[in-house]
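Trainee: Return a 3D structure for these sequence lines:
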Amino acid sequence: MNYLNIFFSEFYKIIFLLLPVLVSVALIVWLDRRVWAFVQKRRGPNVVGPFGLLQTLADALKYIFKEIIIPASSNKVIFILAPIITLTLSLIAWAVIPFNEVMVLSNINVGILYLFAVSSLGVYGIIMAGWASNSKYPFLGAIRSAAQMVSYEVSIGIIIINVLLCVGSLNLSQIVLAQKDIWFIFPLFPMFVIFFISILAETNRPPFDLPEAESELVAGYQTEYSGMMYAMFWLGEYANILLLCALGSILFLGGWQSPIDIYPLTILPGVFWMIFKIVILFILVSLVKAIVPRYRFDQLMRLGWKIFLPFSLIWLVITASFLFFLDLLPT
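Mentor: Next up, the predicted model:
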């Protein structure tokens, strides 16, 4: 009976985590469109519901009722599994994200490693979709995505090591608490810039949306998908963007901590500050899509391997040397 109680208590925690994440995905799609409209001086979604807030719900209903078409020449099992794997991996990564000192589903001591492992597996869903479609455009998009995600995960890993050197722990809550006096964005600002750009590449966002380049590959690895299976890729992509924005706020922006230690700001709950920082980072991601033109694929790979990787390694040596010679390495 005790095991049953534990199961249901954990099950409710998972539901209370995943439902807000899925609702947030719907809201940030609306925010994404509104930001593009603002930059391009047009209205954006403003008809369905107040301020167009229900537009994403209307789109979701459209996908639900659309027919799912599976190509006759595809590998049907892998074709169906690909979007399920993509969405599942994007959701289970939220288990270790702390919204305040107590609001975290699983406060494990290796939270960073867990996130890195889950995000690394995300490329499998895309490769499976491209290969199982048995079509040249999805296959090319999947190959591009695999090369792109592997390239920029290397830089993200080295950037995270810079933060871990300053904290001495892989626990995400400890990383936030270590920024009580100063956020890491100030001493590690170049690493924050590279991390932010790597987020765009890791989630296939413009100007690095080469796996889905509609002018070249129709829709890349999503070309043969329709209905709710296409929507699952779409949900997984936005859940991943939110996840990496949350990780950026934890690593560099003090997580749930208020920006200034003054009375009106400190009374606001930590969850508010965490959500606020995630939204700010997401707005920056949206602005980049609306402003920056797409890179060529060779430029994308050159940026990752010849600029970001060497610079991250050099900054890692500088950070380690600074902490060592000033005897600031955490014990």
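
Trainee: send the alpha carbons of stretch 138-150 over as CSV?
Mentor: Extracted C-alpha coordinates of stretch 138-150, given in CSV (Å, rounded to 0.1, in the frame of the first residue of the first chain):
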residue,chain,number,x,y,z
PRO,A,138,13.7,14.4,-44.9
PHE,A,139,16.9,12.4,-45.1
LEU,A,140,19.0,15.4,-46.0
GLY,A,141,17.3,17.4,-43.2
ALA,A,142,18.0,14.6,-40.7
ILE,A,143,21.7,14.4,-41.6
ARG,A,144,22.1,18.2,-41.3
SER,A,145,20.4,18.2,-37.9
ALA,A,146,22.6,15.4,-36.6
ALA,A,147,25.8,17.2,-37.7
GLN,A,148,24.5,20.5,-36.3
MET,A,149,23.4,19.2,-32.9
VAL,A,150,26.6,17.2,-32.3
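
Trainee: low-scoring pLDDT stretches of the stretch 1-150 of the chain, where are they?
Mentor: 1-3, 7-8 (pLDDT under 70).

Trainee: do that again at 80, thanks
Mentor: For the stretch 1-150 of the chain, applying pLDDT under 80 flags the ranges 1-14, 17.

Trainee: Show me where it has its helices.
Mentor: For the stretch 1-150 of the chain, applying DSSP state H, counting those that start in this stretch gives helices covering 2-39, 55-65, 76-92, 111-132, 136-167.

Trainee: Break this structure down into its structural domains.
Mentor: 24-57, 66-325 (automatic domain parsing).

Trainee: Show the end-to-end separation of the longest one, please.
Mentor: Read it as domain 66-325. 62 Å (Cα to Cα, to the nearest Å).

Trainee: Check the offset of it from the chain's centre.
Mentor: With Cα atoms, centre = their mean, to the nearest Å as the basis, domain 66-325 stands 3 Å off its chain's centre.

Trainee: Which positions within stretch 122-135 qualify as buried?
Mentor: 122-123, 125-133, 135 (16 or more other Cβ atoms under 10 Å). From N, CA and C alone the C-beta is placed, and that goes for glycine too.

Trainee: got those as CSV, with distance to V150 columns?
Mentor: As requested, these are exported to CSV (distance: Cβ to Cβ, whole Å):
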residue, distance to V150
G122, 11
V123, 7
G125, 14
I126, 12
I127, 11
M128, 16
A129, 17
G130, 15
W131, 16
A132, 20
S133, 21
S135, 23
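
Trainee: Among the residues you listed, which one lies nearest to G168?
Mentor: Checking these against G168 with Cβ to Cβ, the nearest one is G122 at 28.2 Å.

Trainee: pLDDT below threshold where in the stretch 201-331 of the chain?
Mentor: Checking the stretch 201-331 of the chain against pLDDT under 80 turns up 206, 210-221, 260-270, 327-331.

Trainee: so who does the closest residue to V176 other than its chain neighbours touch?
Mentor: Of all residues not flanking V176 in the chain, G255 sits nearest, at 3.3 Å (Cβ to Cβ, 6 or more residues apart in numbering). Listed by Cβ atoms under 8 Å, 6 or more residues apart in numbering, the contact set of G255 reads 98, 172, 175-176, 179, 249, 270, 273-274, 277.

Trainee: and the helix or strand containing I314, which residues are buried?
Mentor: Assigned by DSSP states H and E, I314 falls within helix 309-325. Residues of helix 309-325 classed as buried: 309, 311-312, 315-316, 319 (neighbour count, 16+ other Cβ under 10 Å).

Trainee: Roughly how far does V96 sit from L17?
Mentor: Counting by Cβ to Cβ, to the nearest Å, the separation of V96 from L17 is 11 Å.

Trainee: Need the residues touching each of the two.
Mentor: Counting by Cβ under 8 Å, 6+ apart, the residues touching both V96 and L17 are L105.

Trainee: Among those two, which residue is more densely surrounded?
Mentor: V96 (23 against 18; other Cβ atoms under 10 Å).

Trainee: didn't the more buried one look like it was pressed against L113?
Mentor: No - using Cβ atoms under 8 Å, V96 is not in contact with L113; the gap is 9.6 Å.
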